[in-house]
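**Student:** With the input below, show me the fold.
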Amino acid sequence: MERIYFDNAATTDLDPQVLEAMMPYLTEKFGNPSSIYSYGRESRLAIENARKSVGKILNAHPAEIFFTSGGTESSNTAITAAVRDLGCTHIITSPLEHHATLHTVEHLHRRGEAALSYVKVLPNGHIDQEDLEQLLAGSAEKILVTLMHANNEIGNIMDIQAVGELCKMYGAIFHSDTVQTVGHFPFDLRNTPVHFITGASHKFHGPKGVGLLYINENVRIHPYIHGGAQERNMRAGTENLYGIVGFAKALELATAGYEVDSAHIKGLKVYMMEQLKRHLKGISFNGDPVGRSLYTVLSVSFPKTEKSEMLLFNLDIHHICASGGSACTSGVEQGSHVIRAINNNPNQVTVRFSFSKHNTRDQVDQVVTRLKELM
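**Tutor:** I've put the predicted structure just below:
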């Protein structure tokens, strides 16, 4: 039986065209981008062309685009800089953030570098914007607001424009973890009130180990990693040349295919919701699946039984890849902090299905048939 891969929010397969764009830099074009001779200049040019391409797609200036090792490093850099360089002594976040954000703010808070507040979350998984405004209005300190654009487990999308305007009104620094949305939605950063956003190419058919940090041109911060003048003195270390080339190519392809691919994937998500409701009793969907939600993610809660407790394991035996929450915490099934925060029902088992342009309705049918047998 073929493997059915429904865990695209964890990572995606590498597009053959992306690999093709990377190959020359894995083989004959191997110069160090910091070297002054022609091999080095060739590599430097490839990186700067990638930066221009990414900047153009996101409607940002190329000088605002920095390449990193991934979303985790980007978020760590932005959050730490907001506290240490921009004078933020109070952080507002939510309990639903990715651990790259949560663990970073907790670390800074434990070290006594910043006070920490959590915005309330509504039962549908959206953040309570009124509560956010009250927190902003009630604080005399300089604030960093760090809230994700789209949740990696339940798929809820935050109104980044509205939150950005609130932050502007109260003079707060705004960082948004956009790892699940860069490459999946159009961005217009020139007209979005945000100081930092993040990206990771392996979420949109690019290579792993390469990410993006957008730093608004009005923000001045110090490097997080020291030791060299790479990335315009902002990130030391020899650049991940082929990764950066792959990032730009993947983003170009994702942007070109956005209309067709997003319609196809959204169709699969809606179809799977209909089929699950039709064939399985007692299931529910987490978050706001038909409202402001990622078209790629469907979080389903099944009634807890002896059989359903082994659901992920049994799906795996049948070559179906899905996840319990986020892949970043799997291995030891500790349960999901996101699901706990919005739906703390011990009698349910949650599975996240996440789709890509390569998935089909036939695969959805096969998974639903298998779930009927396993429940």
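**Student:** Next, the contact list for the residue nearest the centre of the chain, please.
**Tutor:** With distances taken as C-alpha atoms, centre = their mean, the chain has residue 179 as the residue nearest its mean C-alpha position (2.2 Å). Contacts for residue 179 (C-beta atoms under 8 Å, 6 or more residues apart in numbering) come out as 71, 98, 148, 152, 198-200, 203. Yep, even glycine has a C-beta here, placed from its N, CA and C like the rest.
**Student:** So which of those residues sit within helices?
**Tutor:** Among those, the residues falling in helices (DSSP state H) are residue 71.
**Student:** Point me to the helix or strand that includes residue 42.
**Tutor:** helix 38-58 (DSSP states H and E).
**Student:** Report the buried residues of that helix.
**Tutor:** 42-44, 46-47, 50-51, 53-58 (16 or more other C-beta atoms under 10 Å).
**Student:** circling back: what pLDDT does the model give the residue nearest to the centre of the chain?
**Tutor:** Residue 179 is assigned 98 on the pLDDT scale.
**Student:** Was I right to think residue 94 contacts residue 145?
**Tutor:** No. Residue 94 is not in contact with residue 145 according to C-beta atoms under 8 Å; the separation is 9.7 Å.
**Student:** who's more crowded, the two?
**Tutor:** Comparing residue 94 with residue 145 by other C-beta atoms under 10 Å, the one with more neighbours is residue 145, at 28 against 25.
**Student:** Do a quick rundown of the helices in the chain.
**Tutor:** 16-26, 38-58, 71-84, 99-110, 129-137, 160-169, 230-233, 241-256, 258-279, 311-317, 337-342, 361-374.
**Student:** Using CSV, lay out the ones you listed together with distance to residue 221 and mean pLDDT.
**Tutor:** Output for these, formatted as CSV (distance: least, C-beta to C-beta, whole Å; pLDDT from 0 to 100):
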stretch, distance to residue 221, mean pLDDT
helix 16-26, 29, 98
helix 38-58, 18, 97
helix 71-84, 4, 98
helix 99-110, 15, 98
helix 129-137, 22, 98
helix 160-169, 17, 98
helix 230-233, 11, 96
helix 241-256, 21, 98
helix 258-279, 31, 98
helix 311-317, 40, 93
helix 337-342, 28, 87
helix 361-374, 44, 96
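**Student:** which stretch among the ones you listed comes nearest residue 210?
**Tutor:** Among the helices of the chain, helix 241-256 comes nearest to residue 210, with 3.3 Å by C-beta to C-beta.
**Student:** Alpha carbons of that closest one, in PDB - could you do that?
**Tutor:** Output of helix 241-256 as PDB, limited to C-alpha atoms (Å, rounded to 0.1, in the frame of the first residue of the first chain):
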ATOM      1  CA  LEU A 241      24.200  28.800   0.200                       C
ATOM      2  CA  TYR A 242      22.200  26.000  -1.400                       C
ATOM      3  CA  GLY A 243      19.500  26.300   1.300                       C
ATOM      4  CA  ILE A 244      19.100  30.000   0.600                       C
ATOM      5  CA  VAL A 245      18.800  29.400  -3.200                       C
ATOM      6  CA  GLY A 246      16.300  26.600  -2.500                       C
ATOM      7  CA  PHE A 247      14.300  28.900  -0.100                       C
ATOM      8  CA  ALA A 248      13.900  31.600  -2.900                       C
ATOM      9  CA  LYS A 249      13.000  29.000  -5.500                       C
ATOM     10  CA  ALA A 250      10.400  27.300  -3.300                       C
ATOM     11  CA  LEU A 251       8.800  30.700  -2.500                       C
ATOM     12  CA  GLU A 252       8.700  31.700  -6.200                       C
ATOM     13  CA  LEU A 253       7.000  28.400  -7.000                       C
ATOM     14  CA  ALA A 254       4.600  28.600  -4.100                       C
ATOM     15  CA  THR A 255       3.600  32.200  -5.100                       C
ATOM     16  CA  ALA A 256       3.100  31.200  -8.800                       C
END
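**Student:** So which other helices or strands are in contact with that helix?
**Tutor:** Packed against helix 241-256, as judged by 3 or more C-beta pairs under 8 Å, 6 or more residues apart in numbering; DSSP states H and E, are the following elements: helix 16-26, helix 38-58, strand 65-68.
**Student:** ok, of the contacts of residue 179, which one's closest to residue 314?
**Tutor:** For the contacts of residue 179, the nearest to residue 314 is residue 152 (23.6 Å; C-beta to C-beta).
**Student:** what separates stretch 210-218 from the chain centre, distance-wise?
**Tutor:** How far stretch 210-218 lies from its chain's middle: 14 Å, per C-alpha atoms, centre = their mean, to the nearest Å.
**Student:** Give the rounded mean pLDDT of it.
**Tutor:** pLDDT averaged over stretch 210-218 gives 98.
**Student:** distance between the ends of that stretch?
**Tutor:** From its first residue to its last, stretch 210-218 covers 25 Å (C-alpha to C-alpha, to the nearest Å).
**Student:** Could you do stretch 2-13 as well?
**Tutor:** 15 Å.
**Student:** Buried residues of that stretch, list them for me.
**Tutor:** Taking 16+ other C-beta under 10 Å as the criterion, stretch 2-13 shows 4-10, 12 as buried.
**Student:** How about stretch 365-375?
**Tutor:** 366-368, 370-371, 374-375.
**Student:** now, among the residues you listed, which is nearest to residue 220?
**Tutor:** Nearest to residue 220 among those, with distances taken as C-beta to C-beta, is residue 367, at 49.4 Å.
**Student:** related to what we said a few turns ago, take the helices and strands packed on helix 241-256 and write them to CSV, including distance to residue 269.
**Tutor:** Shown next, in CSV, are the helices and strands packed on helix 241-256 (distance: least, C-beta to C-beta, whole Å):
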stretch, distance to residue 269
helix 16-26, 24
helix 38-58, 24
strand 65-68, 30
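**Student:** closest to residue 265 out of these?
**Tutor:** So among the helices and strands packed on helix 241-256, helix 16-26 is nearest, using C-beta to C-beta, at 18.4 Å.
**Student:** any idea of the angle that closest one forms with helix 38-58?
**Tutor:** Using axes from the mean of the first three to the mean of the last three C-alpha atoms, to 10 degrees, the inter-axis angle of helix 16-26 relative to helix 38-58 is 150 degrees.
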